[in-house]
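*Asks:* Need a 3D model of the sequence below.
(chains A, B, C and D)
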Protein chains: 2
Amino acid sequence: MYSKKCTPPSCSPSSYSSSHEEALVVIPCPSQQGSSSQCGEAAAAALSVEEARATANLRIHRQAERRRRERINGHLSTLRRLIPGTTKMDKASLLARVIDHVKDLTRKASDIGKGLMVPSEANEVRVECDGEDNLLIKASVCCEDRPDLFSDLIQAFRALKLTVIEAEIVCVGGRVKNVFILCSRRDGEGSVCLSSLRESMKEALDKIACSGEASGVGYSGKRLRALQQQQYSCYDS
Amino acid sequence: MYSKKCTPPSCSPSSYSSSHEEALVVIPCPSQQGSSSQCGEAAAAALSVEEARATANLRIHRQAERRRRERINGHLSTLRRLIPGTTKMDKASLLARVIDHVKDLTRKASDIGKGLMVPSEANEVRVECDGEDNLLIKASVCCEDRPDLFSDLIQAFRALKLTVIEAEIVCVGGRVKNVFILCSRRDGEGSVCLSSLRESMKEALDKIACSGEASGVGYSGKRLRALQQQQYSCYDS
DNA sequence: CCGCACACGTGAGGC
DNA sequence: TGCCTCACGTGTGCG
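*Replies:* Numbering: from 1, shown residues only, chains lettered A, B, ... in the order given. Sure thing, here's the model as predicted:
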């Protein structure tokens, strides 16, 4: 029940067989070929041939194990190649980072599939620092849409010295969800400074999200019903 | 100054087969301690103490190596836990699937950040079967927007006996991108049937996407410029 | 019996 | 020098 047909044949790290090659020489014992007449010798011969077979098996086993090791290490270095910054890293630590990476990507992927990309009913502002290098910041704002919302957000980011790397906009029935990937370009960067940045960001974005709340309302029930009936529309009335 | 020449490396590994707990008892051998009065013994004692230290080092090395192995295998089983369907799978194959998973998730994740969620200039219809169970189908349609586009799509899915699990709509400057997660509820399901389903889906969606092409055009350059200047808007003129 | 996969202990090399 | 990581060969259990 294991291994299936996978066995990527190309996983070999290309440098192979140069270092130690198993010589095919098998029989070091010359003792037992002439002696067919003595029974004691026969026993010895049997034992030695048995030994020879054992060593042959051992040899096969040895190189099989080596192939297995090469397969595993090949996959491991493929992983190293895939995940940036893991070159010349400990094998165990590499696996740890692979785990982190998988978890992270799974979370991201589930975000897109689930409800993240459909603007929710309630206003929502989230600011999270992505990854371990703390360079990228992800900010998402979900609120009622209005003509100058986007430029307001951009201005807020500019005031905080944040560069927009990516922006993602989804609008459904008058509500909008904006997700930004930002990059903070500051001189004395530190985790302390970063947390305060988080706070000011959240404050500013909250203000922007709520500023259009007084004017137009009443979409809630209608929009929800529209969603449930699967009659999405991007068009305002 | 213990004698203890025991534990020669040749000593069979099964000798201390008591599961694996390293007993702290070090000195079982009382063999050559009686003669303390001879000077030749001094050299032997020095040699033996050196040997003893060597074996102690070996012991430390042994259990350190074991810890390392445990760490790696721990991470490996964590990965098994994370990726569904890899229980009791070969270690190398597990790594292969981890690689696939990482590649897949990276692609998906880059999709959300890059161009997937912004309607592209050219019309585009994609149908892909997600995951290994072949139950979920992801269909994305990118085309010029029109009032009844969505209901047309829904009708097409209904005709193909597809249930909409999730829908994601992004509209920018008159163009729209719809991404659907669908579930096929059919009796005799098979990969053959599924590929034909793919074909008919693609055909139907292509028809729908192109049907509004004749009427309104000319957004292209304007929209592209708007995107580059980061002046997104969900509002039609 | 053989192929396969795993865990183990040990030698070698890098700080 | 000591600790750590790695590769290697081998013993062992499973189909």
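
*Asks:* can you map out the helices along chain A?
*Replies:* Using DSSP state H, the helices found in chain A span residues A:39-82, A:91-113, A:149-159, A:191-211, A:219-228.

*Asks:* Take the ones you listed and write them to JSON lines, including distance to DNA strand D, mean pLDDT and mean neighbour count.
*Replies:* Where C-beta positions appear, they are placed from N, C-alpha and C, glycine not excepted. JSON lines is the format used below for the helices of chain A (distance: least, CB to the nearest atom of the strand, whole Å; pLDDT from 0 to 100; neighbours: other CB atoms under 10 Å in any protein chain shown):
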{"stretch": "helix A:39-82", "distance to DNA strand D": "4", "mean pLDDT": "86", "mean neighbour count": "14"}
{"stretch": "helix A:91-113", "distance to DNA strand D": "3", "mean pLDDT": "83", "mean neighbour count": "17"}
{"stretch": "helix A:149-159", "distance to DNA strand D": "42", "mean pLDDT": "91", "mean neighbour count": "17"}
{"stretch": "helix A:191-211", "distance to DNA strand D": "26", "mean pLDDT": "82", "mean neighbour count": "15"}
{"stretch": "helix A:219-228", "distance to DNA strand D": "50", "mean pLDDT": "41", "mean neighbour count": "13"}
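
*Asks:* Make a markdown table from these and add distance to DNA strand C to it.
*Replies:* Below are the helices of chain A laid out as a markdown table (distance: least, CB to the nearest atom of the strand, whole Å):
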| stretch | distance to DNA strand C |
| --- | --- |
| helix A:39-82 | 5 |
| helix A:91-113 | 13 |
| helix A:149-159 | 43 |
| helix A:191-211 | 28 |
| helix A:219-228 | 47 |
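
*Asks:* Please produce CSV containing those helices, extended by distance to chain B.
*Replies:* Formatted as CSV, the helices of chain A follow (distance: least, CB to the nearest CB, whole Å):
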stretch, distance to chain B
helix A:39-82, 4
helix A:91-113, 4
helix A:149-159, 6
helix A:191-211, 15
helix A:219-228, 9
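
*Asks:* Redo those as CSV? Include distance to residue B:144.
*Replies:* Shown next, in CSV, are the helices of chain A (distance: least, CB to CB, whole Å):
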stretch, distance to residue B:144
helix A:39-82, 38
helix A:91-113, 24
helix A:149-159, 22
helix A:191-211, 31
helix A:219-228, 22
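
*Asks:* among these, which is nearest residue B:152?
*Replies:* Residue B:152 lies closest to helix A:219-228 among these, at 16.9 Å (CB to CB).

*Asks:* can you tell me how far residue A:136 sits from DNA strand D?
*Replies:* For residue A:136, the distance to DNA strand D equals 29 Å [CB to the nearest atom of the strand, to the nearest Å].

*Asks:* Can you report how many residues lie near that residue?
*Replies:* The number of residues packed near residue A:136 is 15, by other CB atoms under 10 Å in any protein chain shown.

*Asks:* Contact partners for it?
*Replies:* A:129-130, A:165, A:181-183 (CB atoms under 8 Å, 6 or more residues apart in numbering or on different chains).

*Asks:* And the furthest pair within these?
*Replies:* The two members of those with the most space between them (CB to CB) are A:129 and A:165, at 13.6 Å.

*Asks:* Compare those two (neighbour count), which wins?
*Replies:* More crowded of residue A:129 and residue A:165, by other CB under 10 Å: residue A:129, with 18 against 14.

*Asks:* doesn't residue A:198 make contact with that one?
*Replies:* Yes - using CB atoms under 8 Å, residue A:129 is in contact with residue A:198, at 7.2 Å.

*Asks:* okay, and the common contacts of the two?
*Replies:* Both residue A:129 and residue A:198 are contacted by residue A:137, under the criterion CB under 8 Å, 6+ apart.

*Asks:* returning to that earlier point: any idea which of the contacts of residue A:136 the model trusts least?
*Replies:* Comparing pLDDT over the contacts of residue A:136, the lowest score belongs to residue A:130 (63).

*Asks:* Of the contacts of residue A:136, which is the nearest to DNA strand D?
*Replies:* Lowest distance from DNA strand D to those (CB to the nearest atom of the strand) belongs to residue A:130, with 27.5 Å.

*Asks:* Quick check: which of the helices of chain A is nearest to residue B:206?
*Replies:* Across the helices of chain A, residue B:206 has its closest neighbour in helix A:91-113 (24.3 Å, CB to CB).

*Asks:* Show me what the closest one packs onto, helices and strands only.
*Replies:* If you count contacts as 3 or more CB pairs under 8 Å, 6 or more residues apart in numbering or on different chains; DSSP states H and E, helix A:91-113 packs onto helix A:39-82, helix B:39-82, helix B:91-113.

*Asks:* need these in JSON lines with distance to residue B:139, can you?
*Replies:* Below are these laid out as JSON lines (distance: least, CB to CB, whole Å):
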{"stretch": "helix A:39-82", "distance to residue B:139": "28"}
{"stretch": "helix B:39-82", "distance to residue B:139": "28"}
{"stretch": "helix B:91-113", "distance to residue B:139": "14"}
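
*Asks:* among those, which is nearest residue A:101?
*Replies:* Across those, closest to residue A:101 is helix B:91-113 (CB to CB), at 6.4 Å.

*Asks:* now the angle from the closest one to helix A:91-113?
*Replies:* If you take axes from the mean of the first three to the mean of the last three CA atoms, to 10 degrees, helix B:91-113 sits at 40 degrees to helix A:91-113.
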